[in-house]
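Trainee: Generate coordinates for the sequence data below:
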Amino acid sequence: MTLCCDIWAQRKAPSVNANLYGFKICNVPRLLCASQAYLDKYGTPTHPQDLVSHNGLLYQLNDITYDVWEFSKDKEQFKIKMKGNRVSNDGELVHRWSLSGKGIGLKSSLDISNDLLSGKLINILPEYSANATELWLIFPSRQSITPAARLLRDTLKQKTRVILQQLIAKGILDKSVLD
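Mentor: Numbering: from 1, shown residues only. Alright, predicted model coming up:
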């Protein structure tokens, strides 16, 4: 049995399917990020509305471009229709574009944690919260949850918690993300 063929992880709650069984690993805050070079050249947004004058690095899935970015602060909601000269269905490519100064990305804090911690990427508008996602480990059935699968689940929970705690310690995330 090949483990990668029998389980998978996804970043949103599993769809309702009686044959699937899932474990939530953690909440995953999403953050606006850009390189210091980009911010030096184009300025740092101080309010979500400022984003309309910046180049958005956009993600596309199933032919849907996610170009409306939503934020909240103190119960106030903001919806920003982004424009950008780059769109990809590859989240890692959006990450690399952010690193190379091509624009501002809205990324999973887990995906960009190393670059946030090293200072290669800057968290923009940290006082505004983007909609968080969730990381789930999905199994094709309850019967496929073996001791090895439980160990994988527990390891993923522990590793993601360590990463989130590092981001909290650096002041990048609020400690409430662990709730």
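
Trainee: Ends of stretch 130-146, what's the gap?
Mentor: 36 Å (Cα to Cα, to the nearest Å).

Trainee: Now residue 104: closest residue in space that isn't a chain neighbour?
Mentor: In space, and not counting its chain neighbours, residue 104 is closest to residue 34: 4.6 Å by Cβ to Cβ, 6 or more residues apart in numbering. C-beta coordinates here come from the backbone N, C-alpha and C atoms, glycine included.

Trainee: How many residues are close by residue 35?
Mentor: 22 (other Cβ atoms under 10 Å).

Trainee: Residue ranges in the protein under the pLDDT threshold?
Mentor: 1-18 (pLDDT under 70).

Trainee: sorry, back to before: state whether the residue nearest to residue 104 and residue 105 are indeed in contact, as I suppose.
Mentor: Yes. Contact criterion Cβ atoms under 8 Å: residue 34 and residue 105 qualify, at 7.2 Å.

Trainee: Quick check: neighbours shared by the two?
Mentor: residue 98 (Cβ atoms under 8 Å, 6 or more residues apart in numbering).

Trainee: Compare these two (neighbour count), which wins?
Mentor: residue 105 (30 against 27).

Trainee: contacting residues around the more buried one?
Mentor: Here residue 105 is in contact with 32, 33, 34, 56, 57, 94, 95, 97, 98 (Cβ under 8 Å, 6+ apart).

Trainee: which one among the residues you listed gets closest to residue 70?
Mentor: residue 32 (11.7 Å; Cβ to Cβ).

Trainee: Tell me the bridge partners for that closest one.
Mentor: Here residue 32 shows beta-bridge partners residue 106, residue 124, assigned using DSSP bridges.
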